[in-house]
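Visitor: Pasting a predicted model and its sequence here:
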Amino acid sequence: MTLSILFEKCINLVLYYLLLYVARWSELETLSWLTRRRGWAWMFPNKLIVVDVHIAHEILVRRSTSHFIKAPVDDESPLSASMLNNSQRRPDSRHALVQRLSPKQISNIYVPIMKECAQYLINRWKSMLTLNNSVIDITDACTRLTLDIVGQTLLGGTFGACAHEEDGNQLTHSILMLTREKFTKKTNDDHNTCSNGKDEIKFIDDLVHRRWMNSEQALDFDNTKLVLFAGSETTATALALTLLTLAHHKDIQAMLRDQSIRQINSEIEEDTLFDLFIREILRFWTIAPFVTRRCTRDLVLQIESERTLFIPRESDVNIFTWSIHRSAIYYTRPDEFDLTRVSPNKYCYMPFSIGSRMCPGMEFAVTELKVIVSLLLQYFEFEPTLPLSTRDTDRFLAQQQFHIDWHHSVLHTQHHLYLKLRTLVGSDSQE
């Protein structure tokens, strides 16, 4: 390690804590500010944060196989034994997963299952509305729905989460505990004398093992658990934030509903308003805020005619996609939600990474969001619990607070999200 890198780490460490704990900035704001001047910043222990898309392209595309591997997952993670930790060592598992996530498989087999699971949630919400309970915990509901979908499509059967069955309730609690509530002070205080998540991990292990033993076992046990986490955790957060966005953009909600109703009993077409909407959702809410790589040998990148970037061997590189997607360098008015947005640089849009190691679940996740949102809009109108003026809407959305799960490079909302629901007149006739 060079002295200049060590010196920069020390300076950035001081600035990091000043901004985080004195200025009370969020971690996302702090890291965005530290990387803004040069396009990267060195952090302890051996981490390079990158927001320059040209450097990102070099790392993720041009030097992807010659100088980088996927960064290992922390040993404390329940997914440390999966291919998330070393996909090179288990190419057969990745190949099996890719086969199960082919576009044909998704369209012909998984989409009907997604609709079936969503319909169960719709019926439950209708029952709740008849009891004058119009405020819904969207975070909890979306977690339950995505758990049932990933269970029924990829793991051999529903978990009964939307039905509030015993396994489904405990699985929802365990997932939320491990991926969200562990970041909040209240939950930490409540669990000081407990097992720090070990009970939740054991329950998930036992449940997945029972499911795995009774399935065709296309994936090994650890990667089956990876599918459970990856297939529910990020999509649940993205879906909850999607519904929050619709509640605060009634005009977009109305346009999407009109298109959805026109397409009843037909497949969701390509290049529709839904495609533009989901694309902007994945930019505005980048739930996977980092693409992580580990440098396998010393590398010098020529950034400009007079600038170079030296990356020592064994450095962990984090491509900070959240900051790239919110950068005024690449996007006009980046903190506004804009359906008509077009980026002049194709490399600055990477919600699922770019290059040969893109997320294999991209098509599944995008289809799931489109199918669920389309179906929900046919039955419900979503409203914020506290109405805001049009002027304040984008500011409210842009200032949502998140926790960074550094183990898995994903975001979680700081608090559960709640919305008001209203049943649409005539929606019963669509069943």
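Guide: Good, I have the coordinates.
Visitor: residues in contact with the residue nearest to residue 283 when sequence neighbours are not counted?
Guide: Among residues not flanking residue 283 along the chain, residue 325 sits closest, at 4.7 Å (C-beta to C-beta, 6 or more residues apart in numbering). For glycine as for every other residue, the C-beta is placed from the backbone atoms N, C-alpha and C. By C-beta atoms under 8 Å, 6 or more residues apart in numbering, the contact list for residue 325 reads 283-284, 286, 331, 334, 348-349, 351.
Visitor: List phi and psi for residue 325.
Guide: With angles defined as degrees, to the nearest 10, residue 325 sits at phi -70, psi -20.
Visitor: Mind jotting down where the strands sit in the stretch 1-150 of the chain?
Guide: Remark: strands assigned in the stretch 1-150 of the chain by DSSP state E, counting those that start in this stretch are 40-43, 47-50, 68-70, 135-137.
Visitor: Which single one of the contacts of residue 325 is nearest to residue 250?
Guide: residue 284 (17.0 Å; C-beta to C-beta).
Visitor: quick one: the closest one and residue 333 touch, right?
Guide: No: Residue 284 lies out of contact with residue 333 (C-beta atoms under 8 Å); the separation is 11.3 Å.
Visitor: now the residue nearest to residue 283: how far from residue 19?
Guide: According to C-beta to C-beta, to the nearest Å, residue 325 stands 21 Å off from residue 19.
Visitor: same question, residue 166
Guide: Here residue 166 is placed at a distance of 45 Å from residue 19 (C-beta to C-beta).
Visitor: Who has more neighbours out of those two?
Guide: Higher neighbour count among residue 166 and residue 19: residue 19, with 18 against 8, using other C-beta atoms under 10 Å.
Visitor: for residue 423, phi and psi?
Guide: Note on residue 423: backbone dihedrals following degrees, to the nearest 10 are phi -70, psi 130.
Visitor: Where does pLDDT dip in this structure?
Guide: 1, 73-94, 96, 179-197, 211-222, 264-271, 305, 390-391, 426-431 (pLDDT under 70).
Visitor: Please enumerate residues in contact with the strand or helix carrying residue 204?
Guide: Using DSSP states H and E, residue 204 sits in helix 198-213. With contacts defined as C-beta under 8 Å, 6+ apart, helix 198-213 is touched by 78, 151, 155-157, 159, 167, 170-171, 173-175, 177-178, 221, 224-225, 228.
Visitor: Contacts only, for residue 330.
Guide: The contact partners of residue 330, by C-beta under 8 Å, 6+ apart, come to 53, 324, 343-345, 348.
Visitor: Name the member of these with the most neighbours.
Guide: The most neighbours of any of the contacts of residue 330, using other C-beta under 10 Å, belong to residue 324, which has 29 neighbours.
Visitor: what's near enough to touch that residue?
Guide: 51, 53, 56, 330, 348, 350.
Visitor: mind putting those in CSV, distance to residue 126 included?
Guide: CSV is the format used below for the contacts of residue 324 (distance: C-beta to C-beta, whole Å):
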residue, distance to residue 126
51, 45
53, 45
56, 45
330, 43
348, 42
350, 39
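Visitor: So which of those is the closest to residue 100?
Guide: Nearest to residue 100 among these: residue 350, at 23.7 Å, using C-beta to C-beta.
Visitor: contacting residues around that closest one?
Guide: Taking C-beta under 8 Å, 6+ apart, one finds 56, 60, 291, 319, 321, 324 in contact with residue 350.
Visitor: at 10 Å instead, please
Guide: For residue 350, the contact set (C-beta atoms under 10 Å, 6 or more residues apart in numbering) comprises 53, 56-57, 60, 282-283, 286, 288, 291, 319, 321, 324-325, 358.
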